[in-house]
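K.L.:
my questions are about this predicted structure, shown below with the sequence.
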Amino acid sequence: MKIEVVIKHLGYVLFLNGIFLFISFLISLYCDETSAIPLLFSSLICGIFAVFPLIFVERTQSITFSEGLAIVVFGWLITCVAGMLPYLMWGGEFTLVNAWFESVSGFTTTGSTILNDIEILPMGLLFWRSSTHWIGGIGIILFVLLVLPQSKGSRTTIYNSEISSLSKLYFKYTTRKIVKILALVYVCLTLLESVVLNYFGMSLFDAINHSFATIATGGFSTKNLSIAHYQNVGIEITIMIFMILSGIHFGLIYGTVFFKKDNIFSSSLVRYFIAVLLIGILLITFKLYFSGTYDFLHSLRYAAFQVISLGTTTGFATEDSAHWPVFTQIILIYFTIQCAMAGSTSGGLKFDRIYIFFKSLGKQIKMLKHPNGVFLTKVDNKSINEKLEHQTMVFIVLYMVIILITTIILTSLDIDGMTAFSASIATIGNVGPGFENVSSLGNFANIPDFGKFVLTLNMFFGRLEIFNILALIMIRK
């Protein structure tokens, strides 16, 4: 592995972070806020450390797979380090561990927070906090690939190190074309939601920040009560629609707009995903209604928002589900594990893997009945090879093992069982809120520092989908 190749690309990563930090500084400067100096210094630090490798390290025309993995993993790490700088300089609730937690949570689009009072943050710092979602949603590496002056082979190597095999299912284009499609869909959804939210009564600043968080399926809000602050049905419906869109494979959204064969309406996977969401909404609605928690309309309103929010790993809230009946919490926990589709900005196991698991289970049963038969696992009439099928099964097992290990570690720190279990699921799934002490309208402030650090590792495993990190660790040369 050539270290200079990795360092060169980390320069691009830092440069991009510096740009967004400078935009946040301009907002803070315009509003005459205390966060202007921390944001400016952070921007300058990123710029300085970016410029040296960009100028003095020679560009290479080829990148090996191990170098691509290193660029991806270390690119995410250095981004999160850069992201914590303005928090640390500003102070307040941001200790070293808290600043690291908030930065990792932002860039991995987890949306868990250590802040007890979000609204005390200056507007510049709020914008930076939301920007970490927006950068992380599409992926810092894909942002870099969009403008990277690299050869086709090098770009493809980095892309393959960042994107899972499932995400490539509906993409039959060159790497540069795929990156442009992802960026086009991402930006257009963000702009459209900002306009609609502003129309329904959000300030332009809040509309942009919440759009950043929605399209990235992140969940950082500018308000302590999240979306519950607004008590506006129009805003809630708008966010629900865009959460669902952000949880669908972007290739299918592109195909729908440009009348391609693979689109939202032709995909059975999308239909099953929506159907499962509807079942979850109905189950929780009726439980809330018959338990006397709310009347029917409010039961439907709150159930729909929470199922879609957790089922797409966004993590916004309109009500505190920690006080709901246990049955509804179990349903919601399932959605924090399953989550939305590959190829979207959603985290979690991904609905595609759950779908493949049951398809594979059906195939195994058929093979018991017909040992000499040949059976294929298909998703939307696309055959899934046995390698990807096996990889899916291993991923699911690894995912559950990490949840178990994290839960054990957290309970050893005297954290109660539900808080530990739900926090483990919420962080590896990049969902955000859990239950009990880390519920929808709660935060992670009371988790011990070591526990917070463990949970940030979870966030990285979830965002990089486990295999990339393990592969980098196991590389021998």
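P.N.:
It's in. Residues are numbered from 1 along each chain as shown.
K.L.:
use CA for all of it now, contacts and neighbours both
P.N.:
OK.
K.L.:
any idea which element residue 319 lies in?
P.N.:
Per DSSP states H and E, residue 319 falls between elements, in no helix or strand.
K.L.:
pretty sure it is in contact with residue 440, am I right?
P.N.:
Yes - here residue 319 reaches residue 440: they are 7.3 Å apart, a contact under Cα atoms under 8 Å.
K.L.:
out of these two, which sits in the more crowded spot?
P.N.:
Neighbour count, other Cα atoms under 10 Å: between residue 319 and residue 440, residue 440 has more, with 24 against 21.
K.L.:
before we move on, what SS does the more buried one have?
P.N.:
Following DSSP: H, G, I helix; E, B strand; the rest coil, residue 440 is assigned to coil.
K.L.:
likewise for the one 4 residues further on?
P.N.:
For residue 444, the secondary structure call by three-state DSSP comes out as coil.
K.L.:
not counting its neighbours along the chain, what's nearest it?
P.N.:
Excluding its sequence neighbours, the residue lying closest to residue 444 (Cα to Cα, 6 or more residues apart in numbering) is residue 114, at 4.8 Å.
K.L.:
who does the strand or helix carrying residue 42 touch, helix- and strand-wise?
P.N.:
Element membership for residue 42 (DSSP H and E) is helix 36-56. Helix 36-56 sits against helix 3-30, helix 65-90, helix 123-138, with contacts defined as 3 or more Cα pairs under 8 Å, 6 or more residues apart in numbering; DSSP states H and E.
K.L.:
so how far is residue 186 from residue 358?
P.N.:
31 Å (Cα to Cα, to the nearest Å).
K.L.:
scratch that, residue 369 is what I was asking about
P.N.:
For residue 369, the distance to residue 186 (Cα to Cα) stands at 46 Å.
K.L.:
neighbour-wise, which of those two wins?
P.N.:
Higher neighbour count among residue 369 and residue 186: residue 186, with 21 against 10, using other Cα under 10 Å.
K.L.:
just the element for the more buried one, please.
P.N.:
Going by DSSP H and E, residue 186 is in helix 175-199.
K.L.:
residues of that helix that come out buried?
P.N.:
Residues 175-176, 178-183, 185-186, 189-190, 193-194, 196-198 are the ones in helix 175-199 that count as buried (16 or more other Cα atoms under 10 Å).
K.L.:
now for residue 119: which residues touch it?
P.N.:
222-224 (Cα atoms under 8 Å, 6 or more residues apart in numbering).
K.L.:
top of these by neighbour count?
P.N.:
Ranked by the number of neighbours (other Cα under 10 Å), those place residue 222 first, at 24 neighbours.
K.L.:
element containing that residue, please.
P.N.:
Per DSSP H and E: nothing holds residue 222, as it lies in no helix or strand.
K.L.:
wait, it touches residue 207, no?
P.N.:
No - with contact defined as Cα under 8 Å, residue 222 and residue 207 do not form a contacting pair (9.8 Å).
K.L.:
contacts only, for the nearest residue to residue 246 once chain neighbours are set aside.
P.N.:
Excluding the flanking residues, the one nearest residue 246 by Cα to Cα, 6+ apart is residue 215, at 5.3 Å. Contact analysis of residue 215 by Cα under 8 Å, 6+ apart lists 134, 137, 186, 189-190, 242-243, 246, 345.
K.L.:
same list, those, but as TSV with distance to residue 267 please.
P.N.:
Formatted as TSV, the contacts of residue 215 follow (distance: Cα to Cα, whole Å):
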residue	distance to residue 267
134	27
137	23
186	20
189	20
190	24
242	18
243	18
246	16
345	18
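K.L.:
between those residues, which is closest to residue 323?
P.N.:
Nearest to residue 323 among the contacts of residue 215: residue 243, at 23.8 Å, using Cα to Cα.
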